[in-house]
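> What follows is a predicted protein model with its sequence.
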Amino acid sequence: MAERADVVIIGGGVIGTSVAFHLAKLGMRDLLLLERSHLAAGSTGRSVGIVETTYGTDVNVAMAKIGYEELRRFPEVTGETADFHPRRYVESVDDPKHVWYLEKAREIGTRFGLHQRIVDPREILEVFPEIRVDDMAAGMITEEAGFCDPHSVAAGYAAAAKRLGARIRTNAPVERVLVERGEVAGVRVAGEDVRAPVVVNAAGPWCNELNRPLGFEVPVDLWQRQIFVTTPHPEIPADRPLFIDVTGRFYFRQELDGGFVLGLVEDAAARDLANPETDWGFKAKAVEAAVHRVPKLAETSIANGWSGVVTFTPDQLPVMGPVREVKGLFLANGMSGYGVMISPAVGTILAELIALGTSKTIDASPLALDRFRGGGTPRGAGLWLSSK
Ligand SMILES: Cc1cc2nc3c(=O)[nH]c(=O)nc-3n(C[C@H](O)[C@H](O)[C@H](O)COP(=O)(O)OP(=O)(O)OC[C@H]3O[C@@H](n4cnc5c(N)ncnc54)[C@H](O)[C@@H]3O)c2cc1C
């Protein structure tokens with residue numbers, strides 16, 4: 001007889017494991033998570049782990065705040081570690097025409113109870129003396145931020161879900177979602193059928209490999225992102241704020257030893273999703289951006305580098321919830337470069353939609369796939385002022 005489960009979750013990144021844990025927490029225990037490779041094998045294992053709460057739409061801030069609260073309290077919630085380290089967060093804009101964005105983010109953040117202030121760039125020097133501010137138009141300092149270890153988050157959610165009864169299976173590639181009379185019937189995994197009335201697609205950059213045969217796709221661009229890490233600078237303490245320049249699309253955080261983890265965002269189409277190769281030619285650009293912003297970094301060298309794939313929707317909001325084509329199929333796709341920090345919210349929303357039929361914690365309607373249907377391209381959320 002074919003194996004069965006109440007819910008099959010495809011993908012063992014932060015999203016699939018969070019969905020499994022939050023479903024189990026709501027009392028659904030007959031869960032099977034199937035991961036093709038090992039946990040955190042995809043984008044999750046390549047992530048920088050920044051957790052912050054400054055966004056320009058309500059639904060972003062709602063998700064980010066839940067993310068921050070749960071990742072900060074991860075051991076209490078799951079019994080596991082997220083290796084979370086609180087840090088202040090500085091966000092800057094270089095162009096005066098983008099100051100409205102910080103004002104909007106602060107207006108939303110204030111309503112959500114966040115501690116944020118828009119500052120004259122020179123005030124940033126009080127919390128970050130080594131940073132260059134003379135070309136910033138404005139900055140915002142947010143208290144609710146930090147960084148975590150994304151691999152620990154995925155492993156932690158999986159371990160906690162397992163303790164609550166979920167089955168977590170690695171080396172288990174799902175070949176397709178099985179559909180009978182317009183309803184989910186299960187999945188085919190490594191040549192075997194598993195029967196299930198509900199399937200969650202949390203396959204990250206591979207999401208459309210499973211969606212396409214069902215007659216629809218999530219609109220996503222797959223971008224390859226490069227990360228480089230500097231050696232520590234002996235005069236820069238390791239507790240400096242996280243930093244994102246939203247106009248310049250450049251960001252960094254520090255490692256615990258004080259080295260800077262640098263991300264310069266350019267949209268290069270991803271080629272190899274499973275093993276994206278580091279583009280060492282990009283190093284000079286990243287170093288230039290870093291030395292411009294923190295001149296002392298000219299006295300460090302690059303110690304490490306890697307790359308990974310991000311899955312961006314046109315409006316930089318995830319796609320979550322049921323789809324009209326197939327009853328019983330739920331999507332958790334298109335995390336648009338900030339899936340780790342919102343993974344607690346994504347898991348909560350999906351678990352509520354599946355177990356309760358409605359998302360009571362957050363209004364998930366702006367996240368439905370249907371927003372891309374019927375013409376027009378919604379824009380204006382997410383990490384960056386423009387994604388292209
Ligand atoms: C360089 C870089 C830096 C980043 N920095 C940050 C950051 O600072 N903060 C932040 O919040 N986010 C960051 N992100 C984004 C974040 O990593 C992603 O949004 C998040 O990891 C997405 O998680 P996921 O579970 O949806 O996808 P993934 O982690 O890719 O997981 C999908 C999983 O599904 C599995 N899978 C796929 N197809 C199948 C199948 N058919 N059968 C079984 N299993 C399958 C894959 O093997 C994979 O393990 C960064 C990403 C990159 C690349």
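Yes, it's here. Residues are numbered from 1 along each chain as shown.
> okay, CA-based contacts and neighbour counts for the rest of this
Fine.
> Helices along this structure, start to end?
14-25, 58-72, 74-78, 99-111, 121-127, 150-163, 207-211, 283-293, 339-355 (DSSP state H).
> Buried deepest among the ones you listed, which one?
Most buried of the helices of the chain, by mean neighbour count (mean count of other C-alpha atoms under 10 Å): helix 14-25, with a mean of 29.
> Show me what that helix is in contact with.
9-11, 29, 31, 33, 40, 44, 150-151, 153-155, 157-158, 160-161, 164-166, 200-203, 332, 339-340, 343-344, 346-348, 350-352, 355 (C-alpha atoms under 8 Å, 6 or more residues apart in numbering).
> And for stretch 152-166?
Against stretch 152-166 from outside (C-alpha under 8 Å, 6+ apart): 12-15, 17-18, 20-22, 24-25, 29-33, 39-40, 44, 78-83, 168.
> now do stretch 171-190
8, 10, 34-38, 191, 193-199, 210, 213-214, 325-329.
> in it, what counts as buried?
Neighbour-count burial for stretch 171-190 flags 172-179, 184-189 (criterion: 16 or more other C-alpha atoms under 10 Å).
> Can I get stretch 175-195 in PDB? Just the C-alpha atoms.
What follows is stretch 175-195 as a C-alpha-only set of coordinates in PDB (Å, rounded to 0.1, in the frame of the first residue of the first chain):
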ATOM      1  CA  GLU A 175       9.400  14.100  -9.400                       C
ATOM      2  CA  ARG A 176       5.900  15.600  -9.600                       C
ATOM      3  CA  VAL A 177       2.700  16.400  -7.800                       C
ATOM      4  CA  LEU A 178      -0.100  13.900  -8.400                       C
ATOM      5  CA  VAL A 179      -3.500  15.300  -9.400                       C
ATOM      6  CA  GLU A 180      -6.800  13.500  -9.800                       C
ATOM      7  CA  ARG A 181      -9.900  15.300 -11.000                       C
ATOM      8  CA  GLY A 182      -8.400  18.700 -10.300                       C
ATOM      9  CA  GLU A 183      -7.400  17.800  -6.700                       C
ATOM     10  CA  VAL A 184      -4.000  17.000  -5.200                       C
ATOM     11  CA  ALA A 185      -3.600  13.200  -4.700                       C
ATOM     12  CA  GLY A 186       0.000  13.200  -3.500                       C
ATOM     13  CA  VAL A 187       3.500  13.200  -4.900                       C
ATOM     14  CA  ARG A 188       5.700  10.800  -6.800                       C
ATOM     15  CA  VAL A 189       9.100  10.700  -5.000                       C
ATOM     16  CA  ALA A 190      12.000   8.600  -6.200                       C
ATOM     17  CA  GLY A 191       9.700   6.400  -8.200                       C
ATOM     18  CA  GLU A 192       7.200   5.800  -5.400                       C
ATOM     19  CA  ASP A 193       3.800   7.400  -4.800                       C
ATOM     20  CA  VAL A 194       2.900   9.000  -1.500                       C
ATOM     21  CA  ARG A 195      -0.800   9.800  -1.100                       C
END
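> about what we covered before: tell me which of the helices of the chain sits nearest to Phe228.
helix 283-293 (7.0 Å; C-alpha to C-alpha).
> now the helices of the chain in JSON lines, with mean pLDDT and distance to Val90?
Shown next, in JSON lines, are the helices of the chain (pLDDT from 0 to 100; distance: least, C-alpha to C-alpha, whole Å):
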{"stretch": "helix 14-25", "mean pLDDT": "98", "distance to Val90": "25"}
{"stretch": "helix 58-72", "mean pLDDT": "97", "distance to Val90": "16"}
{"stretch": "helix 74-78", "mean pLDDT": "98", "distance to Val90": "24"}
{"stretch": "helix 99-111", "mean pLDDT": "94", "distance to Val90": "11"}
{"stretch": "helix 121-127", "mean pLDDT": "96", "distance to Val90": "8"}
{"stretch": "helix 150-163", "mean pLDDT": "98", "distance to Val90": "21"}
{"stretch": "helix 207-211", "mean pLDDT": "98", "distance to Val90": "33"}
{"stretch": "helix 283-293", "mean pLDDT": "94", "distance to Val90": "13"}
{"stretch": "helix 339-355", "mean pLDDT": "98", "distance to Val90": "16"}
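> With distance to the ligand as added columns, please give these in TSV.
Formatted as TSV, the helices of the chain follow (distance: least, C-alpha to the nearest ligand atom, whole Å):
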stretch	distance to the ligand
helix 14-25	4
helix 58-72	9
helix 74-78	15
helix 99-111	18
helix 121-127	21
helix 150-163	7
helix 207-211	7
helix 283-293	13
helix 339-355	3
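> export the ones you listed to a markdown table and tack on distance to Ala238?
Shown next, in a markdown table, are those (distance: least, C-alpha to C-alpha, whole Å):
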| stretch | distance to Ala238 |
| --- | --- |
| helix 14-25 | 26 |
| helix 58-72 | 19 |
| helix 74-78 | 23 |
| helix 99-111 | 26 |
| helix 121-127 | 12 |
| helix 150-163 | 20 |
| helix 207-211 | 37 |
| helix 283-293 | 16 |
| helix 339-355 | 21 |
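> Tell me who's in contact with Pro75.
Contacts of Pro75 (C-alpha under 8 Å, 6+ apart): Thr81, Ala82.
> give me the low-pLDDT residue ranges for the chain?
Applying pLDDT under 70 to the chain picks out residues 375-381, 384-388.
> So if we follow the domain assignment, how does it break up?
3-46+150-218+315-372, 86-143+221-312 (automatic domain parsing).
> gap between the two ends of the last one?
From its first residue to its last, domain 86-143+221-312 covers 27 Å (C-alpha to C-alpha, to the nearest Å).
> so how many other residues sit close to Ile236?
15 (other C-alpha atoms under 10 Å).
> Can I get the buried part of the contacts of stretch 171-190 as one ChimeraX selection?
The ChimeraX command for the buried members of the contacts of stretch 171-190 (criterion: 16+ other C-alpha under 10 Å) is given here:
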select :8,10,34,35,36,37,38,193,194,195,196,197,198,199,210,214,326,327,328,329
